[in-house]
Structures are given as structure tokens and as C-alpha cells.
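# Okay, predicted coordinates and the sequence, questions at the end:
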Amino acid sequence: MKTIFRNISLALVALFTVSTTAMADDDRPIDFSQLPKTAQATVKKHFASSEVLYSTQDGIIFKSYDVVFANGDKIEFDSKGNWKDVDMMSGAVPTAFVPAQIQNFVKKSYPGTKITKIDRDARDYEIELSNGLDLKFNKSGRLIEIDD
């Protein structure tokens, strides 16, 4: 009896693992109006002059959203519509997405460069500069890592 229960449990774990892995990259196109309201407002405020090429939703339980613009720029949102990542192909990341301490550091330490990408999570900010450098800052805006 223990062997049967163990085999059934093992089979269920394997099935769950396979189904979760299969859904992990499940980007599906959605209409812009299906984005969370916060995400829609962010796009309308900071990318008003950019044409939305398409929007996608990734995941079923842990959702995230991407908006890709005709000029190649991209912004990613979490399930609540808060931005997570801004990737600019056409220029610099809008300053509203970059904390003032980070902007000041980049202006002082790397004059003439632009911030072309910013990624934030619960612990830190990662930015990419137009010269190819990747910089990581803590939530207070203090530089903690440089990667070239």
C-alpha cells in the first residue's frame, strides 16, 4: 500500500512539474485594454507619442504583461500593472522611471551616456548605459555593482 501511495504521489509531482514548466513561457497576445489600469495609465502618460505594436500576458497564476512599441521600445509590468522593466531601443529611458540619485550618479560619473534600460525588483535597480556598462544600485540609489 505504501508503494502504491508513493508511486501515485511521485506521478502527481511529476505531472505538476511538467505542466508548470509547459506554462512557464505562455505569452499570449491581448488587447491593450486588457492590461491592468495602472499599466495603461503608465503607457498613456510616458509613451503617448509611441504606437503600441502589441501587448502580451505571460502566465496564468503569476501574470506579467509586456507592451512592445512600433519603434522597438518595450515595457514590462507585474500582475498589478506596476512597471518592472523599461527597455528603450529608440533613446533614453524616460527620467520618471529613474530615481534621482541614480540619474545624478550617471550624469556625474558617465557624462554623455544615456540610460537605455532599467529593471527593478524588490531589492535593487539594474540599469544599462548607452556605452554598454551595466550598473546595479540598491533601493537607496547607492552603486553596488558594475558589469561591463
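Yep, it's here.

# where exactly do the strands run in this protein?
Assigned by DSSP state E, the strands in the chain fall at 28-30, 52-58, 64-69, 74-77, 83-87, 115-120, 124-129, 134-138, 143-147.

# Also compute the angle for the last one relative to strand 134-138, please.
Relative orientation of strand 143-147 versus strand 134-138 (axes from the mean of the first three to the mean of the last three C-alpha atoms, to 10 degrees): 160 degrees.

# so how many other residues sit close to the nearest residue to Ser130 once chain neighbours are set aside?
In space, and not counting its chain neighbours, Ser130 is closest to Lys114: 4.3 Å by C-beta to C-beta, 6 or more residues apart in numbering. Quick note: C-beta positions are derived from backbone N, CA and C, even for glycine. A count of nearby residues for Lys114, using other C-beta atoms under 10 Å, gives 14.

# okay, Lys114: pLDDT?
pLDDT, Lys114: 97.

# In contact with it, which residues are there?
Neighbouring residues of Lys114 by C-beta atoms under 8 Å, 6 or more residues apart in numbering: Gly91, Ala92, Val93, Leu129, Ser130.

# Can you report phi and psi for the third one?
Right, Val93. Per-residue torsions, Val93: phi -60, psi 130 (degrees, to the nearest 10).

# number of nearby residues for it?
Val93 has 21 nearby residues by other C-beta under 10 Å.

# again, but for the one 5 residues further on
The burial count assigned to Val98 is 21, neighbours taken as other C-beta under 10 Å.

# how about it, what does it touch?
Ile115, Ile118, Ile127.

# could those residues be laid out in TSV, adding distance to His46 and neighbour count?
Listed next are the contacts of Val98 as TSV, based on distance: C-beta to C-beta, whole Å; neighbours: other C-beta atoms under 10 Å:
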residue	distance to His46	neighbour count
Ile115	14	23
Ile118	12	22
Ile127	17	23
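
# Which one of those is nearest to Gln101?
For the contacts of Val98, the residue nearest Gln101 by C-beta to C-beta is Ile127; the value is 11.8 Å.
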